[in-house]
Each structure stands twice: as C-alpha cells, then as structure tokens.
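A.B. asks: sequence first, then the predicted structure:
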Amino acid sequence: MPGLRLEYQDLRVASLAAPTGQLDGGDVLMLGCGPLPPESAAGPAFTAAQGPVAQAVRTVGPRLYMDSQLRVLASLAGQDPVEAAGAVAASLVETGNADLRVAVVRGQNVLDRLEELMLHTDLAHQTTGQRFAELNAKTVSAIAGLGPRPAAQALKQGARLVLTAYENPTALAEAAAWNAFAKPECAVARGVGGVLACFSRGLCAHSLQQTDWSQLESLQAEIEPNGAVCFYGAKPLCDAAKQAMAEWEEAGRPSPSPTTHSELNLMYVAGYEAELCVALRHEHSASRLRSALSKAPPVVQACRDGDDWPELAGSLAVIPLRHASRDRLAAAVGALAAVLEVGGPELGVEVVGGPPAVRPSLKLWPTQLPPELLEWSIDIKPAAEWLN
C-alpha cells in the first residue's frame, strides 16, 4: 500500500500563486482560511472565506485536470459551503474541470439548534470551564467541527474536492488518512495536520524568521501505512517540522479523539465598539489630544479603550471606544465628535473619515459537545451542477 502525501496551505497569509508544480507528488491538498474569526472580528470575515478558496482552486485547476489522483479538502472559516460551492465550481469549470465531483458537508451550522443542544450539554468554555448560559449573550454563529468522518466518506464516494464550513487541519489530515488506509482512527495524521498548519507556506517566513522565503517552496508530509512520517521541502522547514513532530510524540500525542469530542465554536456579541480616526497636525497634537480626552464628558470616559498613538506630526491616531451598551457607545461617539469639532483647531487634530460606525464586538467561545448530538449529510455532484 502506497503512502499518503499531504500539503496544507493557509490562505489567510498567501494566495496560492506559486506554479502548480509545487504540488508534484502530493495526494491531498488541504486549504484553510484559519480558525473562525477571532475576538472583535466582523461579519464580512465569514463571507470572505469563499474568495481565497475559489482563487486557490482556480490556480490548482490545471493540476486537478492533469492529475486524477489529487484531492482537495477545504475549510471555509465558518462560511456556508453551499454558498461557497458556486464560486468554487466556477473556478473548476474555467479550468476544464466541469465534471470534477465536488462534495459539500452540511450540518455544521447549528445556530438554529443551540437551545436544543444546551439541554444536553453545558457548552463549557474549553479554558475557563464557564457555562455558556451564564453569559446571557446574543449568539451570532455556532459552527461545529464534525471531525474526519464526513470528509473521509465524501472522498470514499468519489469526491475530489470537499468543502466544509470549518474543520481544523488535524481533522482534514485524518480524513485523508482514513480514506487512504481505511483506518477510522489515525493519531499520526492528526499530528501531521497540526505540524503542516504551523509551517504552511506564508506563515513559515514569520515562524522561521526567513525574510527571503521563496513563495515557490512548500512543505509536504508523507504518512506511510505503518505510521512512519517523512517531510519534504526546503531544509529549514523540514528540520522545524521534524522537531515539532518529535515534540508532539514526546508529549504523548495530545489531540482529542473526534469519536468522543466534537469542536463547537460559538461567536457571541460581547459588546459594541467604534473607532474615531484623527490626523495629528503638529508635534504637540498627540499630547494635547490625550489631555483633552482625560477631561472629556463622563460618557466618553466610560467607553475609552486606550490611547497608544504615534507622536509624529502627520500621523493618524485611532481612538478606540467600547461599551456593553450600543446606546451608551453611540452617545459617547457623538460627544467625542463634538469635543473634537470644537477643540480640533486648538489641539491640532482633525477628524478623518467622518463619524465612526458603531458595530458589534464579537468574541469566540470554544467548547465541545458529544458527536452523537450532531446531524450531518453530504451532497456530491459535478462542479457544473453546482452552478445551477
């Protein structure tokens, strides 16, 4: 039985602009847009995920056409895979892959089922242990990680590209191994997936302090049926990946089994935020602005969230405001705008961009739930049919 060669690309950092030759020898390309949007992320971060994936699929399209063995597993950072399927399918059709079978995993968005799920589990925070119900917060997103089973099943049924709302790289790698080796549990694949994600092309320049990192190089890992792992690519990456894999082994392979735990990432409204941008006209503007803010009306003081600005004339200063109440924050924005409009000339500052918009401040609540509470299905059809 041949080995399984994997590659992971983090699309938050770099588009898949390298020649398709970088995938030579690869069996499965995993694409990710990172985890779900972090604290203070706004809604567009969800819908933007399909763009990078569609672009990446367009780039590797010729390779998919030439190499019938190549498979692609994509995680969309919470974006609905059904909505993303049209854009991804268009990229496939443009590159001659109209008949390529695309799978969409359904059932990961459990927002409508949240109250039902809370009857069976506390949805305790993974770090603090706090029960989610104690927040009494508005939930705007609830995306469950289904683990490797759905993607593995899609591959087994002939899909060559699988779209999921969100799965971490460990689950994607295990899905590929499950399909390749017919083994439902593959801890080594989970470890490999985590390591590949850490040293994805684009992230590696920061991780290894390689400022001259070539976008034409990437890291691949090959898993043998007996569990042995080899890394291929640039030597600095391979050495770092081997070290990371060894540390993972020494730590006792710390990765929860997807058969006992499923990830659930909740996004909730933690308050509201706004940012007022002002131009600093002379060298004393920054200090005068700080002094003026310290004497601003109480409604402004209650919402201030730092004043770390540059001191140089001609720079822009961003004044962040946050509060649990939208109305209180809106009042603070109005009061601050009035202060700066009246005192701006004397302070040497000028508001840029007009009044700021008040928007929700979102936070991520990572938790787990029993897999048996989740209901999922797979829809597989040729790319051309996803365009209809």
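C.D. replies: Cool, the structure landed.

A.B. asks: only C-alpha atoms from now on, for both contacts and neighbour counts.
C.D. replies: OK.

A.B. asks: in this structure, where is pLDDT below threshold?
C.D. replies: 1, 13-25, 34-50, 201-217, 254-260, 309-311, 313 (pLDDT under 70).

A.B. asks: rerun at 80
C.D. replies: Residues of the chain meeting the criterion pLDDT under 80: 1, 12-26, 34-51, 200-218, 234, 252-260, 306-314, 354-355, 388.

A.B. asks: residues contacting the top helix by length along it, please?
C.D. replies: Counting residues, the longest helix in the chain under DSSP state H turns out to be helix 326-347. If you take CA atoms under 8 Å, 6 or more residues apart in numbering as the criterion, helix 326-347 is touched by 271-274, 276, 285, 288-289, 296-297, 299-300, 303, 321-323, 349-351, 355-356, 358.

A.B. asks: which ones among those are found in strands?
C.D. replies: 271-274, 276, 321-323, 349-351 (DSSP state E).

A.B. asks: what about the helices in the protein?
C.D. replies: Counting by DSSP H, the helices of the chain are 44-47, 50-66, 81-94, 114-117, 149-156, 169-181, 187-198, 204-207, 235-250, 285-294, 298-301, 326-347, 383-386.

A.B. asks: tabulate the ones you listed in TSV, adding columns for distance to residue 26 and mean neighbour count.
C.D. replies: Formatted as TSV, these follow (distance: least, CA to CA, whole Å; neighbours: other CA atoms under 10 Å):
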stretch	distance to residue 26	mean neighbour count
helix 44-47	29	15
helix 50-66	11	20
helix 81-94	19	21
helix 114-117	39	14
helix 149-156	16	22
helix 169-181	12	26
helix 187-198	13	23
helix 204-207	19	16
helix 235-250	16	16
helix 285-294	54	17
helix 298-301	56	16
helix 326-347	50	17
helix 383-386	22	20
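
A.B. asks: kindly reformat these as TSV containing distance to residue 27.
C.D. replies: Output for the helices of the chain, formatted as TSV (distance: least, CA to CA, whole Å):
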stretch	distance to residue 27
helix 44-47	28
helix 50-66	11
helix 81-94	18
helix 114-117	37
helix 149-156	12
helix 169-181	9
helix 187-198	14
helix 204-207	22
helix 235-250	18
helix 285-294	56
helix 298-301	57
helix 326-347	50
helix 383-386	20
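
A.B. asks: closest one to residue 364 among these?
C.D. replies: helix 44-47 (13.0 Å; CA to CA).

A.B. asks: from residue 261, how far off is residue 124?
C.D. replies: To residue 261, residue 124 is 13 Å away according to CA to CA, to the nearest Å.

A.B. asks: got any residues that touch both of these two?
C.D. replies: residue 368.

A.B. asks: and the nearest residue to residue 158 once chain neighbours are set aside, what does it touch?
C.D. replies: Excluding the flanking residues, the one nearest residue 158 by CA to CA, 6 or more residues apart in numbering is residue 101, at 6.9 Å. Contacts for residue 101 were tallied using CA under 8 Å, 6+ apart; they are 158-161, 380-383.

A.B. asks: got the contact list for the residue nearest to residue 184 when sequence neighbours are not counted?
C.D. replies: Spatial nearest neighbour of residue 184, chain neighbours left out: residue 178 (5.3 Å); criterion: CA to CA, 6+ apart. Going by CA under 8 Å, 6+ apart, residue 178 touches 148, 152, 184-186.

A.B. asks: from residue 228, how far off is residue 178?
C.D. replies: 15 Å.

A.B. asks: what do you get for residue 134?
C.D. replies: 46 Å.

A.B. asks: before we move on, what about residue 3?
C.D. replies: Where residue 228 is concerned, residue 3 sits at a distance of 9 Å (CA to CA).

A.B. asks: tell me which of the two has more neighbours.
C.D. replies: residue 3 (18 against 10; other CA atoms under 10 Å).

A.B. asks: identify the residue nearest the more buried one in space, chain neighbours excluded?
C.D. replies: In space, residue 3 is closest to residue 224, 4.3 Å off (CA to CA, 6+ apart).

A.B. asks: okay, now the domains of the protein?
C.D. replies: 4-108+145-261+370-386, 269-364 (automatic domain parsing).

A.B. asks: quick one: distance of stretch 70-88 to the chain centre.
C.D. replies: How far stretch 70-88 lies from its chain's middle: 13 Å, per CA atoms, centre = their mean, to the nearest Å.

A.B. asks: now do the end-to-end distance for stretch 140-152.
C.D. replies: End to end - CA to CA - stretch 140-152 spans 29 Å.

A.B. asks: residues in contact with that stretch?
C.D. replies: 73, 78, 105, 108-111, 114, 162, 164-168, 171-176, 178-179, 184, 258-259, 262-269, 371, 374, 376-378.

A.B. asks: break down the stretch 1-150 of the chain into its strands, ranges please.
C.D. replies: 4-10, 28-32, 71-75, 101-106, 139-144 (DSSP state E, counting those that start in this stretch).

A.B. asks: for the third one, list the C-alpha coordinates in PDB.
C.D. replies: Extracted as PDB, the C-alpha positions of strand 71-75 are listed here (Å, rounded to 0.1, in the frame of the first residue of the first chain):
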ATOM      1  CA  ARG A  71      -7.800  15.600  -3.900                       C
ATOM      2  CA  VAL A  72      -8.600  18.900  -2.200                       C
ATOM      3  CA  LEU A  73     -10.100  19.400   1.300                       C
ATOM      4  CA  ALA A  74     -11.100  23.000   2.100                       C
ATOM      5  CA  SER A  75     -12.200  24.600   5.400                       C
END
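
A.B. asks: sheet-wise, list the partners of that strand with their directions.
C.D. replies: Strand 71-75 sits in its sheet next to strand 28-32 (parallel), strand 161-164 (parallel), going by DSSP bridges.

A.B. asks: buried set for the longest one?
C.D. replies: Under the neighbour-count criterion of 16 or more other CA atoms under 10 Å, strand 28-32 has 28-32 buried.

A.B. asks: and if you look at the last one?
C.D. replies: In terms of neighbour count (16+ other CA under 10 Å), strand 161-164 has its buried residues at 161-164.

A.B. asks: from the chain's centre, how far out does it sit?
C.D. replies: 15 Å.
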